[in-house]
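A.B. asks: This is the structure alone, sequence omitted:
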Ligand SMILES: [Zn+2]
């Protein structure tokens, strides 16, 4: 995830602060337990003394003395565990409550940036905090079928609005479940207010919660970045980074395609973006109010054929939920 230097420093500072917080917590818990049973402090001190001796002997080539030290340390460890157990503690008590247990809040795993680092970078670059608050409201837990009719039938498919939505939700669930193993993309289309954005938010929330990097853009925002990256002479490292992240993130959501003003630039950029992500096997969700036919007319057959052969096409059908909510 490309970042400017100042952004990189800012993230490192955050991780550093987290590590200090964790360390303090671990220390205060240790103190609390030592106070209750001073023998534990003696044991910990003895173990660290043994470890120092062990290291010194190793340096001096006295390998034969190591076995007995090893046994001694194990003895202490067993005693420690026993005492803790009697006091009603587990060893976990000294492990801090990490925000991310994968990297223990260091931001790195085996020298590579952890998924939490990558997502933090995205949040910082796009200041997507507004998305986070939307995702609290719009997710599978808050999703409701009550706005979808059991009577209204889509003549093209013979399915009711409710059946159509249930099918779409099942497809989205499959998309999430198979995300790490299968390269899948979603194309959600249908009239305004049938729940396309809500559904893509549901998917975004699930994938964010499982440590994937997700970028959400309306088509307008996406093309704005492409434009700045292409035409501005004064483009800064933030814009360059943002542009690259569009191709790198695990999931890109392009919402409301067709609401921007399409022109030859946006049309070619859309092809480039979709095509590049397909080549990199990075998943994308596109939502649009446009009918399929119009989609191909506006964005070219070439783009549409990439979409139709690589995306799961889900047509949603029903009455405008926003209007329904207002009436109720
Ligand atoms: Zn992490």
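C.D. replies: Nice, thanks for sending it over. Predicted model, so just to flag it, every value in this text is computed and none were measured. Numbering: from 1, shown residues only.
A.B. asks: pLDDT weak spots in the stretch 151-300 of the chain?
C.D. replies: Within the stretch 151-300 of the chain, the stretches with pLDDT under 70 are 234-238.
A.B. asks: Now for the residue of it found nearest the ion: which residues touch it?
C.D. replies: Closest approach between the stretch 151-300 of the chain and the ion, counting by Cβ to the ion: residue 211, at 7.7 Å. Every C-beta, even on glycine, is put in place using the N, C-alpha and C of the backbone. Counting by Cβ atoms under 8 Å, 6 or more residues apart in numbering, residue 211 touches 100, 102, 115, 116, 119.
A.B. asks: and the closest residue to the last one other than its chain neighbours, how many residues sit next to it?
C.D. replies: In space, and not counting its chain neighbours, residue 119 is closest to residue 213: 5.3 Å by Cβ to Cβ, 6 or more residues apart in numbering. Residues near residue 213, counting by other Cβ atoms under 10 Å, number 23.
A.B. asks: Backbone dihedrals for residue 213, please?
C.D. replies: Here is the backbone geometry of residue 213 (degrees, to the nearest 10): phi -90, psi 130.
A.B. asks: what separates it from residue 252, distance-wise?
C.D. replies: For residue 213, the distance to residue 252 equals 10 Å [Cβ to Cβ, to the nearest Å].
A.B. asks: which bits of the stretch 51-200 of the chain sit near the ion?
C.D. replies: Neighbours of the ion within the stretch 51-200 of the chain, by Cβ under 5 Å from the ion: 100, 102, 103, 114, 116.
A.B. asks: Was I right to think the fourth one contacts residue 105?
C.D. replies: No. Here residue 114 does not reach residue 105: they are 9.1 Å apart, not a contact under Cβ atoms under 8 Å.
A.B. asks: Show me the domain layout of this structure.
C.D. replies: Listed domain ranges for the chain are 5-99, 112-327 (source: automatic domain parsing).
A.B. asks: Give me whichever of those is most buried.
C.D. replies: domain 112-327 (a mean of 17; mean count of other Cβ atoms under 10 Å).
A.B. asks: Now find how far off-centre that domain is within its chain.
C.D. replies: Centroid separation between domain 112-327 and its chain, computed with Cα atoms, centre = their mean, to the nearest Å, is 15 Å.
A.B. asks: same check, this time on stretch 40-60
C.D. replies: For stretch 40-60, the distance to the chain centre is 42 Å (Cα atoms, centre = their mean).
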